[in-house]
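>>> requesting a structural model of the entry that follows:
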Amino acid sequence: MCMSPRHTWRAALLFFTLVLCFHRITSVNVVEKHSRSHYTQHGVRLPSRAFTGALHEAAIDISHLSCRKSLVVLCMANEEALQHTVPYFLESLSRVVVTGGRQDGQAFDGRVVLVAWSLDAMRACRDLQAKYKHHCVRDAQHTAATGSFSFHDSGFNSLGFAKVKYILNGLSAGHDVVFLDTDIVVLRDPVPYLLGHGADLFGSMEKCMVYNDSHDFNSPEFLALRKPPPAINIGVLYFKATAGVTRCVYNWAWDMRTEVATRPMLWDQDIYGKVMSRCTARHELRFQVLDPRLFQSACFPGCGCRFRNDEISPARIGKFSRGARKLPGGVCGPQHWRRWLLKHFPCSGVTKQKAEMMRELVAGYYGNKTANIVGLR
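Residues are numbered from 1 along each chain as shown. Predicted structure coming up:
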């Protein structure tokens, strides 16, 4: 039986629609399947003894800065990151020492718990222990463990479920938690800053904008400005070990779990911003942003975010700021990074390209010379 052109067109459209629906359902199922591995019927999976043991060994004494006892630095990596960015991440940490407390003068690489996913990643993590003092733990529950991840592919969208589990389990063990992506170069001890501004939660800036890092976004002082909070990048996060903060992190984890069945493009960073804005207000927590002049990002223009202290005024808060001007040849120098605590390298291409810029910054910072560290924008 022959079909008319009109019927042929309708059949083709129906087929195309079915293909799109099938693709969407498949995508949802892949990410949802990966997310399932981090939850039980009753909630987020409990930590392994190896994980809690590593936290205990790596914990930084903060009793001289806080009424709480300890802080842990958490990060996670697959084989690709362990091959390229993690060595420079650990190299930078090995050159920074803890200031104060029982670990005063000890290098920061020994204060880090690095979660590896696959067996190959765990072997690579342990191989790096020949040079560095970090603690390696494997999370065999994370099923999206191998390969190179592209923005918003199923592997990328599955990362957040692992991240929030580690943060929650660190808080549940009684530690303040700092979570760092491994495409970061740490230049100075950030802990005194993190504990010195009264924040219950800190997030890093997505863009170079003028904000007051002492402003709590839920405070009458900030609300009176009638300015929206900035977009947060979750490559650098701080959480105080309190009941309210732990509850908000649990809400973050649970919102992701409930939404993933219908949102294949689920993004942990997006959910973090939405959940924390509501939850911190309800629990009267201090939700603040890190000073972008100290916590730099390769997404910022030029040679880093820069603005004067007198620009932190009601008229300027929430406005974009120009980056520091690059030197001839498009490089940056010691005059730019003198006050930085760290630099994060999103907006910098693939993992191998990020690693090259991280290598440049480590060499430039400690060699007192210029470096090519400008991201791709």
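
>>> make it CA atoms for all contacts and neighbour counts henceforth
Will do.

>>> now do the contacts for S204.
S204 makes contact with 232-237, 289-292, 295 under the criterion Cα atoms under 8 Å, 6 or more residues apart in numbering.

>>> take these and keep only those in strands.
Secondary structure defined by DSSP state E assigns 232-237, 289, 295 of the contacts of S204 to strands.

>>> with distance to A54 added, can I get those in JSON lines?
Conversion of those to JSON lines gives the following (distance: Cα to Cα, whole Å):
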{"residue": "I232", "distance to A54": "29"}
{"residue": "N233", "distance to A54": "26"}
{"residue": "I234", "distance to A54": "23"}
{"residue": "G235", "distance to A54": "21"}
{"residue": "V236", "distance to A54": "20"}
{"residue": "L237", "distance to A54": "20"}
{"residue": "V289", "distance to A54": "29"}
{"residue": "F295", "distance to A54": "27"}
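
>>> most surrounded residue in those residues?
Each of the ones in strands among the contacts of S204 was scored by neighbour count (other Cα atoms under 10 Å); the top score is that of V289, with 25 neighbours.

>>> separation between that residue and H175?
Separation of V289 from H175 (Cα to Cα, to the nearest Å) stands at 21 Å.

>>> re the thing from before, closest to Q83 among the contacts of S204?
When the contacts of S204 are compared for distance to Q83, the smallest value, 19.2 Å, is given by G235; criterion: Cα to Cα.

>>> from C248, how far off is the closest one?
Spatial separation of G235 from C248 under the definition Cα to Cα is 18 Å.

>>> ok, now E91?
33 Å.

>>> same check on A199?
Counting by Cα to Cα, the gap between A199 and C248 amounts to 14 Å.

>>> hmm, who's touching the helix or strand containing F179?
Take DSSP states H and E as the rule and F179 turns out to sit in strand 176-180. Residues from elsewhere that reach strand 176-180 (Cα under 8 Å, 6+ apart): 70-75, 167, 170-171, 235-241.

>>> what about those, which are in helices?
Cross-referencing the contacts of strand 176-180 against helices under DSSP state H gives 167, 170-171.

>>> now those residues as TSV including neighbour count and distance to R263?
As requested, these are exported to TSV (neighbours: other Cα atoms under 10 Å; distance: Cα to Cα, whole Å):
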residue	neighbour count	distance to R263
I167	26	23
G170	26	27
L171	23	27
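
>>> just name the closest of these to F307, please.
Checking the ones in helices among the contacts of strand 176-180 against F307 by Cα to Cα gives I167 as the nearest, at 32.0 Å.

>>> what does the pLDDT read for that closest one?
What the model reports for I167 is a pLDDT of 98.

>>> identify the residues contacting it.
Residues in contact with I167, defined by Cα under 8 Å, 6+ apart, are 74, 177, 179, 249.

>>> from R338, how far off is it?
The spacing between I167 and R338, counted by Cα to Cα, is 31 Å.

>>> same question, L55
From L55 over to R338 the distance is 31 Å, taken as Cα to Cα.

>>> one more: I317?
24 Å.

>>> which one's more surrounded, these two?
In this comparison of I317 against R338, neighbours counted by other Cα under 10 Å, the higher total goes to I317 at 19 against 11.

>>> quickly find the element holding that one.
I317 belongs to no helix or strand when elements are defined using DSSP H and E.

>>> cool, R247 as well?
Using DSSP H and E, R247 maps to helix 243-259.

>>> what angle separates whichever helix or strand comes after that helix from helix 243-259?
Under the assignment DSSP H and E, the closest C-terminal helix or strand after helix 243-259 is helix 268-282. Note on geometry: by axes from the mean of the first three to the mean of the last three Cα atoms, to 10 degrees, helix 268-282 and helix 243-259 are set 140 degrees apart in direction.

>>> for helix 268-282, give the mean pLDDT please.
On average, helix 268-282 scores 92.

>>> which stretches of the protein have low pLDDT?
1-29, 31-38, 143-158, 264, 267, 375-377 (pLDDT under 70).

>>> now the helices for it?
For the chain, the helices defined by DSSP H occupy 5-36, 49-58, 79-83, 86-94, 119-128, 154-172, 191-195, 220-223, 243-259, 268-282, 334-337, 351-367.

>>> list the contacts of the second one.
For helix 49-58, contacts defined as Cα under 8 Å, 6+ apart pick out 72-73, 110-113, 134-137, 170, 173.

>>> which members of these are classed as buried?
Among those, those scoring as buried are 72-73, 110-113, 134-137, 170 (criterion: 16 or more other Cα atoms under 10 Å).

>>> export these to a markdown table and tack on distance to G100?
What follows is these, written out as a markdown table (distance: Cα to Cα, whole Å):
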| residue | distance to G100 |
| --- | --- |
| V72 | 15 |
| V73 | 16 |
| G110 | 15 |
| R111 | 14 |
| V112 | 17 |
| V113 | 20 |
| H134 | 20 |
| H135 | 21 |
| C136 | 25 |
| V137 | 27 |
| G170 | 22 |
